[in-house]
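Participant: can't give you the sequence, but here's the structure:
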Ligand SMILES: Cc1ncc(COP(=O)(O)O)c(C=O)c1O
C-alpha cells in the first residue's frame, strides 16, 4: 500500500501545472523580473486580504521577521521576547538583527505564548514581543498586547503558519503593530521557492522595511538608511502567490476538515489540538499524547508519515544552549516530549484521511 505522506507538494503542482505555465508565460512576456506589476499587485492584494494598509514583500519569512523586528524596535531597547517551541525562526531573526532574546513559556492548551509568563519577562529593555500563531491557530494577541503595552513594548505577529486565520478582531497579521509571513512552499500560501512579507498599518514601519529590503535606498541609488540589504520577492513568485491567494480560504477549510476527522476518530490516549473554526487554518495536525513513541511506531507500521514540530526547544538548541543554562520553561519542555504531527495538506485524499483515522481509532 502506498504511504500516506505527511505532505506532498507534487499533488497541488500537478493540478496547477497548466495554469502555472501560463502564468510564467505572462511574466516572461512582461519583461519584468523583480519589483514589477505582479509584485505591486500581490502586495496590494495581500494587504487587502489580511486587513492592513501595507504589505512589503521580501525574500523569506525569516527576512520578514528580521526586518520587522528592526523596524519595530523602539530606540534604546534591544530585547525580543518570544517562545521557544516555534522552531527558532524568531530567535534566528532577532539574533541576526543584533538583539538579545528572552523566552516566555507557552499555554498547554493552545501551545502559544502564555501572557502571565510573558509578564515575568518584561522590563524597560524589551522592545518587541513576538506572538507566533502556531500550527495555524490564532493566538490571543489581545492578551499579549495588554501586557506588552504596559511596558512600552511593541507586538509582532509571526503568521508564517496561520495566514487566513480569522478572529473577532480581524485576520491574524492585522492584530498588532507588525506581522511577518512566510511563503515557503509547504506554507498554507506557498510559493515555488522562498518568499515572505511584512504587513503593518504603521506607515513608519512600512517605509523602514521598504528601505531595508533594498540596500537602504530612499531613492534610486541613494542610501538614506544604514543597514539595508537585498531581500526581494521576484515577479514569478509574486504571480504564483497572487493566483494561489484566490483559493487559500478553500484550502484552509479542507485542512480543518481533515483535522476534524482525526479529532473524531481519536481515542482518549491522544488529544488532537482542535481546528474547528476560522480561528485555525490547519497548517499542522498536531496531537498531544503520553505515548508518542508508541503512536509513531503504530502509524509508521501502517505507512503513515509523522513529524515533530519541534523536537528541540530554542533554549536547548546546541548553538544557543550555553546562554540559557538553568532556564526552565516547564510547559515548553513538557510539550516537546508529547507532540506529534500527522499528515495534513489540501490534496490529501479522503481514503488517506480514513487510513489515518483507522490507525488513530485502533491505537
Ligand atoms: C512559525 C514560523 N516562523 C518563521 C518561519 C520562517 O520562514 P522561512 O522559512 O520562509 O524563512 C517559519 C517556517 O519556515 C515558521 O514556521
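Facilitator: Okay, I see it. Just so we're clear, the structure is a prediction, and the values are computed from it rather than from any experiment.

Participant: CA only for contacts and neighbour counts going forward, please
Facilitator: Noted.

Participant: can you give me the helices in the stretch 251-363 of the chain?
Facilitator: Listed in chain order, the helices of the stretch 251-363 of the chain (DSSP state H, counting those that start in this stretch) span 292-301, 330-336, 350-361.

Participant: Looking at the ones you listed, which is nearest to the ligand?
Facilitator: Proximity to the ligand (Cα to the nearest ligand atom) singles out helix 330-336 among the helices of the stretch 251-363 of the chain, at 15.1 Å.

Participant: Give me the mean pLDDT for the closest one.
Facilitator: With pLDDT averaged residue by residue, helix 330-336 scores 98.

Participant: what's around residue 143, how many residues?
Facilitator: Taking other Cα atoms under 10 Å as the criterion, the count of residues near residue 143 is 13.

Participant: Skip the chain neighbours and tell me the closest residue to it.
Facilitator: Distance criterion Cα to Cα, 6 or more residues apart in numbering; nearest residue to residue 143, sequence neighbours excluded, is residue 115 at 6.2 Å.

Participant: List the contacts of the host helix or strand of residue 92.
Facilitator: When secondary structure is defined by DSSP states H and E, residue 92 falls within helix 89-96. Applying Cα atoms under 8 Å, 6 or more residues apart in numbering, the external contacts of helix 89-96 come out as 62-63, 65-66, 69, 80, 82, 100-101, 130, 158, 314.

Participant: Show me which residues of the stretch 1-150 of the chain sit near the ligand.
Facilitator: When proximity is defined by Cα under 6 Å from any ligand atom, the stretch 1-150 of the chain lies next to the ligand at 60-62, 86, 89.

Participant: And the contacts of the longest helix anywhere in the chain?
Facilitator: Counting residues, the longest helix in the chain under DSSP state H turns out to be helix 9-30. Applying Cα under 8 Å, 6+ apart, the set of residues contacting helix 9-30 from outside is 33, 38, 185-186, 235-236, 239-240, 347.

Participant: Return the subset of those residues lying in helices.
Facilitator: Using DSSP H, the members of the contacts of helix 9-30 that fall in helices are 38, 235-236, 239-240.

Participant: I'd like these laid out as TSV, including pLDDT and neighbour count.
Facilitator: Formatted as TSV, the entries for the ones in helices among the contacts of helix 9-30 read as follows, by pLDDT from 0 to 100; neighbours: other Cα atoms under 10 Å:
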residue	pLDDT	neighbour count
38	98	24
235	98	24
236	98	24
239	98	22
240	98	20
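
Participant: so can I have a markdown table of these showing distance to residue 261?
Facilitator: As requested, the ones in helices among the contacts of helix 9-30 are exported to a markdown table (distance: Cα to Cα, whole Å):
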| residue | distance to residue 261 |
| --- | --- |
| 38 | 38 |
| 235 | 38 |
| 236 | 36 |
| 239 | 34 |
| 240 | 30 |
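
Participant: What is the nearest of these to the ligand?
Facilitator: Sorting the ones in helices among the contacts of helix 9-30 by how near they are to the ligand, with Cα to the nearest ligand atom, puts residue 240 at the top with 15.6 Å.

Participant: Touching, that closest one and residue 194? I think so.
Facilitator: No. Shown here, residue 240 and residue 194 do not form a contact pair, counting by Cα atoms under 8 Å, at 11.8 Å.

Participant: hey, where'd the strands end up in the stretch 101-250 of the chain?
Facilitator: Under the criterion DSSP state E, counting those that start in this stretch, the stretch 101-250 of the chain carries strands at the ranges 126-132, 154-158, 166-167, 170-171, 178-182, 196-200, 217-219, 222-223.
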